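below are the sequence and a predicted model; questions follow.
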Amino acid sequence: MNYVVEMKNITKVFPGVVANDNVNFSVKKGEIHVLLGENGAGKTTLMNILYGLYEPTSGEIYIKGEKVEIKNPNIAIEKGIGMVHQHFMLVEPFTVAENIILGTEPSLYGGLKLDNEKAVEEVNRISNEYGLAVDPNVKIEDISVGMQQRVEILKALYRGADILILDEPTAVLTPQEIEELGVILRNLANQGKSIILITHKLKEVMAMSDRVTVIRRGKIINTLNTKDTSGEELAELMVGRKVNLVVQKEKREAGKSVLEVKDLHALDNRGVPALKGISFEVKAGEIFALAGVDGNGQTELIEVITGLRNAIKGKVLLEGEDITRLKTRKIIEKGVGHIPEDRLKRGLILNHTIAENMILGDHHKEPFSKNGIMNYDIIHEHAKKLIEEFDVRTPSEEVNAKSLSGGNQQKVIIARELNRDPVLLIAAQPTRGLDVGAIEFVHKRLVEQRNRGKAVLLVSLELDEVMALADRIGVIYDGKLVGILSAEEATEKKLGIMMAGGKA
Amino acid sequence: MLSIIIAVVASALRLATPLIFASLGGVFSERSGVVNIALEGIMINGAFFSILTTEFTDSPWLGVLVAAIVGILTSLILAFLAVHLKADQVVTGVAINLLSASFTAFLLEIVWHRSGQTDPVENAIRAKPLPLINKIPIIGDLTSQLTPFVYLAILAVIVSYYVLYKTPFGLRVRAVGEHPRAADTVGINVYKIRYICVMISGALAGIAGSALSLGAISLFREGMTAGKGFIALAAMIFGKWHPVGAFLACLFFGFTEAIQIQASTLGLGFIPSEFLQIIPYVATILALAGVVGRAVAPAADGVPYEKGER
């Protein structure tokens, strides 16, 4: 068999954790091979070993049949391995060409002068060779995320990579960009490049890959041909139990209006209009989803509703009461719960304990504090109760929020917000970066809120999520609402057209 | 009138010269991601050791060389603490400033057995008319009032610009200052680049110190930098972390000081000198507040780099 990568009996032990346990993993020439596993399953560790960022505790690596010791990324690059990191490694104020050549710059006069012309020429050459169109002279900060990813791939190709590792490449892309990436990767594979995709998204596995290796808790569960398996089977292998990919939801009549947004206008951080007259309402006992491509005003809308940004025109009513000019604390007290889109920046204080994070916003109130002095006994009791109730996987309530996995961090936030029993729950991209098990949990909780007769405003970039959860769907484009569809009317195609600004 | 203008321009250039060296030092250090508050302290060391060397060897240019070397040695304290041990760069810089001020005052006591200031060295670096050029009207008059340090400073600006923007090394320096992890993943040694840049910064600030003592008043006086290191930092910010920008900012600051000194001859005696003194600082605050186009620091400026973390 023509294997370009063979990792044999790889074990990696971190203090206290076995991240990879006797792992065998191999990749054929010219295939797209997915490494599938939940967050923390050990897939990134395995790839970091292959790329020379970690040394394995034991085990052997063969590249194109030759036994190698990859002690650092330079050796990996030399052996033809390239890695596209989840968080792009691009210097924003530099041009595309500068980023691609950085570290192996073409130069004149023995390194005394950067050869810019040669750099641009080289970038154009590889860009043509692999059909990855880029403008070498634009700055990274001025191009889209999809284009930046293309630059990352070119960076690896420029260094002569024929084995490409992509770590969660679709996490930051729009549906269209994901499709484009699929085409790019298939072309590269057809030209003989071998591609390893790290992901936990089943849809992409099925759409993009030739083979898939499932890893769970550091152990390889199985390697399968993609065409011989199904999303359901992979989900079960990955999580280790049956997973409900379909959200269970009974039909129910919506009640009175809870949130009313009337002709709302607001500016973004640069002072450019981001909301241009948005009106909609969310009723008790329904999930109203706001679909749309990232950056069309979703962030600003949520900030205005939650009091984090000022509206320049229009009104926000909560149960008939005007809350447009209220401070965030007052809005929380009126019964608005908020799961922020960026849990690391706005949802949690990472260097505070879980217990402290669970009372954020209520910290100034009894029983958690009295006369300005915190009562930590009660705070810890409270946290223990919520950890139990929301199944947060943590050694104790006293560890810092930073050390939890993404799914468990999200559970901490959801526990805090739901504990206040809000009449309106705003969930902004509540499953971003979460694995299948955690997504299932979040979805269940949102539907539960709805079933209890509360209003839920869901903002999501994932069409699947929107269609699975929503009773009604509003599509936002360029700061305006293109239209509102009921769950029955909505199809992926209709929503797709509306998301691009067209009328369905 | 013409001779007064020439005198003011010459004086502005001379006053700007130490600032130019020091702020170029700041540009190198901060472009690589290390905040160099220690410029002030490195300058005072350079000022002292250039005079000391000249006093005992009678060779001012050897004095300049020693100032640069002492600057590098001082900057190595910053590099070791801030790059290697990842200590807070601002606190480290302040410590170096305090240490250097006391250290030079102490050595003054040891070598000259007195405090306050040294005697002037005989063989300082002074303004000299240039052959041929001094025959040209105006330019001849102007150049005859300039010290070789002025030309060296202008040369340093050109070389710094070229190194930072036209060489592979410069590209790497700027990459390390903006996104060190990106640089690391393409095989650039972040620590090495930062060490080199802090050392270049030290050499330039050391020379700046020698320009202040050897190139101006021919002696060393305790605390003679009097905040010039910080003005150089301000010039660097005002010049948007760019060698040419920093150069122009230093010239501007040099002019405000020259005008302040010559205020009465220029018929500007009615402006309080304190007012002219605050101009560099007000200009810097305005630059930071975004009045003259926003001044944006390199993204990783002041952030110690942690290699691979789990």
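Received the coordinates, thanks. Numbering: from 1, shown residues only, chains lettered A, B, ... in the order given.

how many other residues sit next to B:Ser144?
Residues lying near B:Ser144 (other CB atoms under 10 Å in any protein chain shown) number 15. All C-beta atoms are positioned from the backbone trio N, CA, C, and that covers glycine.

cool, B:Ile279 as well?
Applying other CB under 10 Å, we find 16 residues neighbouring B:Ile279.

kindly report the same for the one 3 residues further on.
Around B:Val282 sit 10 other residues, with neighbours defined as other CB under 10 Å.

show me what the host helix or strand of it is packed up against.
In this structure, B:Val282 sits in helix B:273-288 according to DSSP states H and E. Contact here means 3 or more CB pairs under 8 Å, 6 or more residues apart in numbering or on different chains; DSSP states H and E; on that basis helix B:273-288 packs against helix B:228-238, helix B:243-261.

okay, those in CSV with distance to B:Thr74 next?
Formatted as CSV, those follow (distance: least, CB to CB, whole Å):
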stretch, distance to B:Thr74
helix B:228-238, 12
helix B:243-261, 21
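
among those, which is the most enclosed?
When the helices and strands packed on helix B:273-288 are scored by mean count of other CB atoms under 10 Å in any protein chain shown, the highest mean neighbour count falls to helix B:228-238 (a mean of 26).

need the residues that contact that one.
The list of residues contacting helix B:228-238 from outside it, by CB atoms under 8 Å, 6 or more residues apart in numbering or on different chains, reads B:18-19, B:22-23, B:25-27, B:30, B:36-43, B:97, B:205, B:208, B:212, B:245-246, B:249-250, B:252-253, B:280-281, B:283-284, B:287-288, B:295, B:297.

CA-only coordinates of that helix in CSV, if you can.
Output for helix B:228-238, consisting of C-alpha atoms alone and laid out as CSV, is shown next (Å, rounded to 0.1, in the frame of the first residue of the first chain):
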residue,chain,number,x,y,z
LYS,B,228,15.3,62.8,26.7
GLY,B,229,14.8,59.0,26.5
PHE,B,230,11.1,59.5,27.1
ILE,B,231,10.9,62.3,24.6
ALA,B,232,12.6,59.9,22.1
LEU,B,233,9.9,57.3,22.9
ALA,B,234,7.3,60.0,22.3
ALA,B,235,8.9,60.8,19.0
MET,B,236,8.8,57.2,18.1
ILE,B,237,5.0,57.0,18.8
PHE,B,238,4.4,60.4,17.1
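
now do that helix and helix B:243-261, the angle between them.
130 degrees (axes from the mean of the first three to the mean of the last three CA atoms, to 10 degrees).

got a list of what B:Thr284 touches?
Going by CB under 8 Å, 6+ apart, the list of residues near B:Thr284 reads B:234-235, B:237-238.

again with B:Leu13
B:146, B:150, B:251, B:254.

next one: phi and psi at the residue nearest the centre of chain A?
For chain A, the residue whose C-alpha lies nearest the mean C-alpha position (CA atoms, centre = their mean) is A:Gly433; its distance is 3.3 Å. Listed backbone geometry of A:Gly433 is phi 70, psi 10, with angles given as degrees, to the nearest 10.

state the distance from it to chain B.
In this structure, A:Gly433 and chain B are separated by 17 Å, where distance is defined by CB to the nearest CB, to the nearest Å.

and that residue, how close does it get to A:Gln409?
Between A:Gly433 and A:Gln409 the distance is 10 Å, computed by CB to CB, to the nearest Å.

please apply the same query to B:Ala12.
58 Å.

these two: who's more crowded?
In this comparison of B:Ala12 against A:Gln409, neighbours counted by other CB under 10 Å, the higher total goes to A:Gln409 at 25 against 22.

double-check that the more buried one belongs to a helix.
Yes. Inclusion of A:Gln409 in a helix is indicated when DSSP: H, G, I helix; E, B strand; the rest coil is applied.
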